[in-house]
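>>> Would you be able to build a 3D model of this:
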Amino acid sequence: MCNDRMTKKELSFEPIRLMEIDLYGRKNAWLSAHGWKYTSDFPDSCWRWVKKIKGKSMMCSRDEALNIELNCLP
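Sure, this is the predicted structure:
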């Protein structure tokens with residue numbers, strides 16, 4: 001039988017978990033607003049963030065895309 005109730009420890013962590021989910025979505029939305037596209041349209045079907053920069057397609061992880069957009073592009 002499965003117990004669907006959360007422990008006190010789990011309940012105390014729940015606001016943090018919810019903030020992390022919100023932050024994840026906000027980071028994705030921020031990248032999309034700055035021209036990045038999240039796609040798996042590659043031969044290996046891996047998901048990557050993609051943006052054309054100076055005529056070349058940059059393909060990378062979300063954290064790399066955030067770093068590039070925030071620190072390397074005008």
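>>> what's near enough to touch residue 16?
If you count contacts by Cβ atoms under 8 Å, 6 or more residues apart in numbering, residue 16 has none. Where you see a C-beta, it was placed from the backbone N, CA and C, and this is true even at glycine.
>>> Helices along this structure, start to end?
8-33, 62-71 (DSSP state H).
>>> What residues of the longest one count as buried?
The neighbour-count check on helix 8-33 (16 or more other Cβ atoms under 10 Å) flags 28, 31 as buried.
>>> cool, the last one as well?
For helix 62-71, a neighbour-count test (16+ other Cβ under 10 Å) marks 62, 65-66, 68-69 as buried.
>>> Keeping just the C-alphas, turn it into PDB.
C-alpha atoms of helix 62-71 as PDB (Å, rounded to 0.1, in the frame of the first residue of the first chain):
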ATOM      1  CA  ARG A  62      20.400  25.400 -21.200                       C
ATOM      2  CA  ASP A  63      23.100  26.500 -18.700                       C
ATOM      3  CA  GLU A  64      25.600  27.200 -21.600                       C
ATOM      4  CA  ALA A  65      22.900  29.100 -23.500                       C
ATOM      5  CA  LEU A  66      22.100  31.200 -20.400                       C
ATOM      6  CA  ASN A  67      25.800  32.000 -20.000                       C
ATOM      7  CA  ILE A  68      26.300  32.900 -23.700                       C
ATOM      8  CA  GLU A  69      23.200  35.100 -23.800                       C
ATOM      9  CA  LEU A  70      23.900  36.900 -20.500                       C
ATOM     10  CA  ASN A  71      27.700  37.300 -20.800                       C
END
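>>> other SSEs contacting it?
Using 3 or more Cβ pairs under 8 Å, 6 or more residues apart in numbering; DSSP states H and E, the elements in contact with helix 62-71 are helix 8-33, strand 48-53, strand 56-60.
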